[in-house]
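A.B. asks: Next come a sequence and a model predicted from it.
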Amino acid sequence: MGTRRVLVTGAGGFIGRWSVPRLLELGFEVHALRSPETSRETPVELAGARLHRTDLLGPGGAAGLVRSVRPSHLLHFAWIATPGIYAGSPANRLWLEASRALLREFLDGGGERAVIAGSCAEYAPTGAGPCIERRTALADEGGGTPSPYAACKLALQRDLQAAGRRAGASTAWGRIFLQLGPGEHPARLVSSVIRHLLAGQEAACTHGRQVRGFLHVADVGAAFAALLASQVEGPVNVGSDRSITIAGLVDMIAARIGRPDLIRRGALPAPVQEVPVLVADAARLRGEVGWSPRFGLEDAVLDAICWWRKEWPC
């Protein structure tokens, strides 16, 4: 076999960095692309990768890099993901066009296989989980109005499938569900609760009856590496099929820290359009890709707590 050379975009991000160690273990030559705006400090997870800094939204995007690296594989994570902003941001359209250009350069250069990160937001908010790749309705079907984020992701998924077919290349689309772990944005649920409890502050929560599935972020990255190395095509859910209520998750965090007295359930209103159940059907990921998570939920929660305590790794 020739060298399998993969270009990983968003490699310094919360999920992208965790794909790199597994890709190296699988024998890939990894080229890790980071935005020039990110920290100059290199995440330890990128050790062993060849590092690049290019602004995919800038003039020419990554055209020159793709032509110089000549990757056989593409793993594309880069996108806007700022909590509270990303869903309705006009930047989603910019990322759609930049991603189309990147994909075009990759396929025109003879790329063999591309895997792009999608989102569970692409599914219609029916609340009747679990979400199944080729069965659950999508957010733009049946008269639904998806968010700009979901609409752009859906458009790119369809472009990926069509472009791959035209070029004779293999493609897959990983729909990311919920994750937690070291380095998570401080405003997200798990990090916010942990930070408040460690500081001895009250943690305001909603009623907590929402049912969700969470994976450790390292498992999410490893799942994408496994998907890229496989021959599986089309949409694949990257998420946990173990469900838990938000209240149950918050209670687990509070028990680990020893401050259940600081949880204020019901102090925050639940979002009006929030779906009651959002859980992945992981049959394709387990059965076809042949991947299963390394971390249980309890261990993932402990790892996140250790990180915020600055005692990581546990």
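C.D. replies: Ah, there it is.

A.B. asks: mind listing the strands in the protein by residue range?
C.D. replies: 5-9, 29-34, 50-53, 73-76, 113-119, 170-176, 178-180, 203-204, 211-216, 234-238, 243-245, 263-264, 277-278 (DSSP state E).

A.B. asks: what comes up buried for the third one?
C.D. replies: When burial is assessed from 16 or more other CB atoms under 10 Å, strand 50-53 yields the following buried residues: residue 52. In this view, the C-beta of every residue, glycine as well, is placed from N, C-alpha and C.

A.B. asks: Quick check: the gap between residue 7 and residue 59.
C.D. replies: 19 Å (CB to CB, to the nearest Å).

A.B. asks: neighbour-wise, which of these two wins?
C.D. replies: residue 7 (26 against 6; other CB atoms under 10 Å).

A.B. asks: Surely that one touches residue 34?
C.D. replies: No: between residue 7 and residue 34 there is no contact under CB atoms under 8 Å: 11.8 Å.

A.B. asks: for stretch 134-147, how far is the first residue from the last?
C.D. replies: 21 Å (CA to CA, to the nearest Å).

A.B. asks: Ok, stretch 60-77 next?
C.D. replies: Note: stretch 60-77 ends 19 Å apart using CA to CA.

A.B. asks: what does stretch 230-242 give?
C.D. replies: 24 Å.

A.B. asks: ok, and the closest non-adjacent residue to residue 247?
C.D. replies: Leaving aside its chain neighbours, residue 247 sits nearest to residue 208 (2.8 Å; criterion: CB to CB, 6 or more residues apart in numbering).

A.B. asks: which parts of stretch 228-243 are buried?
C.D. replies: Buried, per 16+ other CB under 10 Å, within stretch 228-243: 228-230, 232-233, 235-241, 243.

A.B. asks: roughly how far apart are the residue lying closest to residue 45 once chain neighbours are set aside and residue 49?
C.D. replies: Nearest non-adjacent residue to residue 45, counting by CB to CB, 6+ apart: residue 17, 4.1 Å away. Taking CB to CB as the measure, residue 17 falls 9 Å from residue 49.

A.B. asks: Neighbour count for these two, which is higher?
C.D. replies: Under the criterion of other CB under 10 Å, the comparison of residue 17 against residue 49 puts residue 17 first, with 26 against 23.

A.B. asks: okay, now residue 172: neighbour count?
C.D. replies: With other CB under 10 Å as criterion, residue 172 counts 24.

A.B. asks: Kindly state the pLDDT recorded for it?
C.D. replies: Looking at residue 172, its pLDDT is 98.

A.B. asks: Next: residue 83.
C.D. replies: On the pLDDT scale, residue 83 gets 92.

A.B. asks: okay, now it: neighbour count?
C.D. replies: Residue 83 has 14 nearby residues by other CB under 10 Å.
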